[in-house]
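In: Task: produce atomic coordinates for the following.
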Amino acid sequence: MDQTAKLTKALLKNATNPKLAWQLFKRIQSSSPNTFLHSVPTIARILVRAKMLDQVDDLHHLLLASTPQQATLSPLVSLVNILAKSDLLDEAFSQFQTIRTKFPENSPSVSLYNALFECCIRERRVDCVSWLYKDMVVAGVSPQTYTFNLLIRALCDSGHLEDAKELFDKMSEKGCRPNEFSFGILVRGFCRAGLADKGLELLDDMRGFGFLPNRVVYNTLISSFCREGRTDDAERLVERMREDGLFPDVVTFNSRISALCRTGKILEASRIFRDMQIDEELGLPRPNAITYNLMLQGFCKEEMLEEAKALFELMQKNVTFMNLGSYNIWLLGLLRNGKLVEAQLVLKDMVDRGMEPNIYSYNILMDGLCKSGMLSDARMVMGSMLSNGLHPDAVTYTILLHGYCGKGKVHDANNILHEMTRNGCFPNTYTCNILLHSLLKEGRTAEAEQLLQRMNERGYGLDTITCNIIIDGLCKSGKLDKAIEIVNGMWTHGSAALGNIGNSFIGLVDDGSSGKKCMPDLVTYSIIVGSLCNEGRLDEAKKKFKDMMAKNLLPDSVIFDTFIHSFCKEGKISSAFRVLKDMEKRGYNKSLQTYNSLILGFGSKDQIFEIYGLMNEMRERGISPNVCTYNNIINCLCEGGKIEDATSVLDEMLQRGISPNVSTFKMLIKAIGESGDLVVAHEVFEIAVSICGHKEVLYSLMFNELLLGGEVSGAKLLFEAAVNRSFHLGNFLYKDLIDRLCEDEKLEEASDILTMLIDKEYKFDPASFMPVIDGLGKVGNKREADELAEKMMEMASDGKAENKVYQKAGVSKHRKENKYGGGDWQKVVHRDDGSGIALKALKRVQKGWGRESISSLKPEKNEHFDYW
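Out: Take a look at the predicted model:
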């Protein structure tokens, strides 16, 4: 055995101990320079497998330093080849460039170029492909058909389809004839880009080159047509496939089933699936695990849980069709349909059957729990994940963070972010954007600035979504002009335009090349246009619309609907219809939002017949009205005094299964109450409570209408019910109730209301005591008057009065002014109306308390405002 063979054998023997093998190789190299060159591939593979890249680099330099240099060329090439096949592109590429510099006269082999091209494709490095191809031309190396196929694939994968087609067309000029793989690669490229028709043209060209399309090419096209919803074209291709003597296989049928499920045609997909199971005489392929999973996913998507459950149980009986993906599909289906308990049982069943859940399984369950607000349960699932040896990933933490943000628990969300980094799992831009959005939504601008600072420091790319979140936050906080300034700056500076926000935002964002890629998009302009419209700055909104068009950002239906809604809200119906005409010209149909806006506009003009015409049009187009639609109609009818028609609309809503909301009932109760029919108003109130629950706004509205309509006893009962439910009393005219009871000489009932409020620990306006104290004084009940005066003083001494009534213009016009109106109880005490009974009671109380003189109760001037 020669020395080279002995060295190779010794290296292989120590392959499990790469450091020892490397030491052995270096020792032989120093003692016998002519022996080690043939063992370079062996030691290179050992070092690469052990990821000893520094030693690989040392080996490269060792070879460059060896003599004679020409003898080292072959080992150097072998080293590059091994690195390329191990997907170590940077190392391979660097060493290849060194070889080209060191040995410019020696052209590399086409197989070496091919190996490097393959590595570039796997690593998605188009820049390296371009350099290598140019070098190949300079070196005078003739490409093979296989080389062209690699280049075409690289161009297709990077989206350069026209270049790929051009290179394909030039193959013959370069002395290489395309083969069936060349066609297949280009067809796949077109199909992946959604250009199936161009792929179909290549199918015809294949015959001109003497090739019959194979099953792979057909399936690629059929799958693409199915994804685009072109099932008829797919069916024609299946027939053409049969004509070429190729029978559709399970891949073909899976494509068809997938397309049908995606478009909601689950029954047709189910028929094909059934035929595949039973019709062997037709020569149909048997369904595989993918087929079963597609059907399971389809049933879940269409909320056909009974069918999905039956299929899942069938799959459990045949392990061939059951895999981890099946469990995850079923988990996702259950959670999307609100079946949390069942999903948790499925996870347990997985473990019991020896099917270990993966991190995706746990993430699915956690996402469902978080969306249902069950954050503590989601935390427990994360604990189970850890106990089973799985470490949470960025998605896991992002799900939790999103859950806490959705609940407004920004502090907890921030803790999740810190926990994430402590555990070595670094957040991505998406994670940070969620927290940033939540902080700005909560108005916590300083913390949002700190987060943006950290994002920039840690090198997270601030994308257009980040910019849109900040722009939206500025708009909602009343800084619309600053938001517009940033949008204008983004076209020049990208995300660096955020530096224009001011305060601590200045200098947060690097003005680098990455920032310049962050450009405004359609969402950016939708935010700005929507905010301008909301502020009534329609002319500026139209200018922004023109700017957007000039930047080749085509408007979508959302922006058109924004303008239509704004014009309708201002009663500019003709302007709204001009926008609608432009919208329809661009291929967008009226949406539910469009109809709601138009109904709102016609309602402001009391054009009820036009509204009913729109409702008929909606029915013809299959667009179902929602609660907003009906609320706009009810508002129009109520404003026009058509109360009976408005209640008929309410009946229609209930019959159609559309639940009215609080706004619906507020409009009806107010309109019916103002018309004087308090019995019907109360009936509507009871319906409202049965549908919307016991809401303070409903109780306060009904109470006020009853009181203003003279139904004092009914108002009193409703007020007592509200107090027993601990409602906030700010919108209740409770002082008016006390006044009316005192006017009707029902002093005991009025006193009982005050006692009830005190017992329930309400802090209310002390002026509420005054009519009762006056009334008791007039009938000679000085003891009770003094007790109430004492309670009033106790409440006043607290320094605050809660649940005060603030009169609205719409209410005050219906009520009669009384001498106790207003919240300044001390002014009421000192009024000059001739009775002075309350003042006398207060003097007696003051004397009994032994406090300071009564003058201290007079209003004291504050340099800024009167305290009471």
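
In: Next one, pLDDT for L857 please.
Out: Looking at L857, its pLDDT stands at 31.

In: Just checking, which helix or strand of this protein averages the lowest pLDDT?
Out: Among the helices and strands of the chain, helix 809-812 carries the lowest confidence by mean pLDDT, DSSP states H and E, at a mean of 38.

In: For G140, give me its contacts.
Out: G140 makes contact with S107 under the criterion Cβ atoms under 8 Å, 6 or more residues apart in numbering. Placement of C-beta: from N, CA and C, glycine included.

In: Ok, V689 next?
Out: Residues in contact with V689 (Cβ under 8 Å, 6+ apart) are K695, L698.

In: Could you name the specific helix or strand carrying it?
Out: Under the assignment given by DSSP states H and E, the secondary-structure element containing V689 is helix 678-692.

In: Show the average pLDDT along that helix.
Out: Helix 678-692 shows a mean pLDDT of 92 in the predicted model.

In: And stretch 385-399, by the same measure?
Out: 88.

In: now swap in stretch 17-32 and tell me
Out: Per-residue pLDDT over stretch 17-32 has a mean of 80.

In: cool, stretch 141-155 as well?
Out: Stretch 141-155 carries an average pLDDT of 89.

In: same thing with stretch 345-356?
Out: The predicted confidence, averaged over stretch 345-356, sits at 86.

In: List the contacts of that stretch.
Out: Outside of stretch 345-356, the residues within contact range by Cβ under 8 Å, 6+ apart are Q316, M322, L324, Y327, W330, L331, L334, P357, S361, Y362, L365, N388.

In: which SSE is the first one in?
Out: If you go by DSSP H and E, Q316 is part of helix 305-317.

In: Tell me the buried residues in the next helix or strand after that helix?
Out: Heading C-terminal from helix 305-317, the first helix or strand you meet, by DSSP H and E, is helix 324-336. For helix 324-336, the buried set under the neighbour-count rule, 16 or more other Cβ atoms under 10 Å, comprises G325, S326, Y327, N328, I329, W330, L331, L332, G333, L334, L335, R336.

In: Please look at the first one and Y292 and confirm they touch.
Out: To tie it back to what came earlier, the one meant is G325. No: proximity of G325 to Y292 does not meet the contact threshold set by Cβ atoms under 8 Å, at 9.9 Å.

In: Flag the shaky bits of the chain, pLDDT-wise.
Out: Counting by pLDDT under 70, the chain shows low-confidence ranges at 1-4, 7, 31-36, 279-283, 461, 499-517, 798-868.

In: Touching the helix holding Q316 from outside, list them.
Out: When contacts are taken as Cβ under 8 Å, 6+ apart, the neighbours of helix 305-317 outside the stretch itself are 270, 292, 295-296, 299-300, 321-322, 326, 330, 333-334, 337, 339, 353.

In: if you set the cut-off to 6 Å instead, what comes out?
Out: Contacts of helix 305-317 with the rest of the structure, by Cβ atoms under 6 Å, 6 or more residues apart in numbering, involve Y292, L296, F299, C300, F321, M322, S326, W330, G333, N337.

In: Turn these into JSON lines, including distance to T42.
Out: Converted to JSON lines, those look like this (distance: Cβ to Cβ, whole Å):
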{"residue": "Y292", "distance to T42": "47"}
{"residue": "L296", "distance to T42": "50"}
{"residue": "F299", "distance to T42": "55"}
{"residue": "C300", "distance to T42": "53"}
{"residue": "F321", "distance to T42": "45"}
{"residue": "M322", "distance to T42": "44"}
{"residue": "S326", "distance to T42": "45"}
{"residue": "W330", "distance to T42": "50"}
{"residue": "G333", "distance to T42": "53"}
{"residue": "N337", "distance to T42": "59"}
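
In: from those residues, which single one is nearest I99?
Out: Set against I99, the nearest of these by Cβ to Cβ is S326 (50.3 Å).

In: Distance of that closest one relative to L296?
Out: Here the criterion is Cβ to Cβ, to the nearest Å. By it, S326 lies 6 Å from L296.

In: L435: what's it in contact with?
Out: By Cβ under 6 Å, 6+ apart, L435 lies in contact with A413.

In: For the host helix or strand of it, C-alpha coordinates in PDB please.
Out: Using DSSP H and E, the secondary-structure element containing L435 is helix 429-441. Coordinates of each C-alpha in helix 429-441 appear next as PDB, following Å, rounded to 0.1, in the frame of the first residue of the first chain:
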ATOM      1  CA  THR A 429     -40.300  43.200  12.400                       C
ATOM      2  CA  TYR A 430     -43.800  41.700  12.400                       C
ATOM      3  CA  THR A 431     -43.700  41.000  16.100                       C
ATOM      4  CA  CYS A 432     -42.500  44.500  16.900                       C
ATOM      5  CA  ASN A 433     -45.100  46.100  14.600                       C
ATOM      6  CA  ILE A 434     -47.900  44.400  16.600                       C
ATOM      7  CA  LEU A 435     -46.600  45.900  19.800                       C
ATOM      8  CA  LEU A 436     -45.900  49.300  18.200                       C
ATOM      9  CA  HIS A 437     -49.500  49.400  16.900                       C
ATOM     10  CA  SER A 438     -50.900  48.500  20.300                       C
ATOM     11  CA  LEU A 439     -48.800  51.200  22.100                       C
ATOM     12  CA  LEU A 440     -49.900  53.900  19.700                       C
ATOM     13  CA  LYS A 441     -53.500  52.700  20.000                       C
END
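
In: Which helix or strand lies directly C-terminal to it?
Out: Towards the C-terminus, the helix or strand next in line after helix 429-441, according to DSSP H and E, is helix 445-457.

In: Alpha carbons of that next one, as CSV, please.
Out: Written as CSV, here are the backbone C-alpha positions of helix 445-457 (Å, rounded to 0.1, in the frame of the first residue of the first chain):
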residue,chain,number,x,y,z
THR,A,445,-46.3,57.5,22.5
ALA,A,446,-43.2,57.6,24.6
GLU,A,447,-43.1,53.8,24.8
ALA,A,448,-43.7,53.5,21.1
GLU,A,449,-40.7,55.8,20.5
GLN,A,450,-38.5,53.6,22.8
LEU,A,451,-39.6,50.5,20.9
LEU,A,452,-38.8,52.1,17.5
GLN,A,453,-35.4,53.0,18.9
ARG,A,454,-34.7,49.4,19.9
MET,A,455,-36.0,48.1,16.5
ASN,A,456,-33.5,50.4,14.8
GLU,A,457,-30.6,49.7,17.1
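
In: counting contacts, what elements does it pack onto?
Out: The helices and strands touching helix 445-457, judged by 3 or more Cβ pairs under 6 Å, 6 or more residues apart in numbering; DSSP states H and E, are helix 429-441.

In: Show me which residues of the helix it packs on are buried.
Out: Using 16+ other Cβ under 10 Å as the test for burial, helix 429-441 gives T431, C432, N433, I434, L435, L436, H437, S438, L439, L440, K441.

In: In contact with M548, which residues are there?
Out: Y525.

In: For it, which three-state class applies?
Out: Remark: M548 carries the secondary structure label helix [criterion: DSSP: H, G, I helix; E, B strand; the rest coil].

In: where's it relative to K542, distance?
Out: 11 Å.

In: ditto for R100
Out: When distance is defined by Cβ to Cβ, R100 is 59 Å away from K542.
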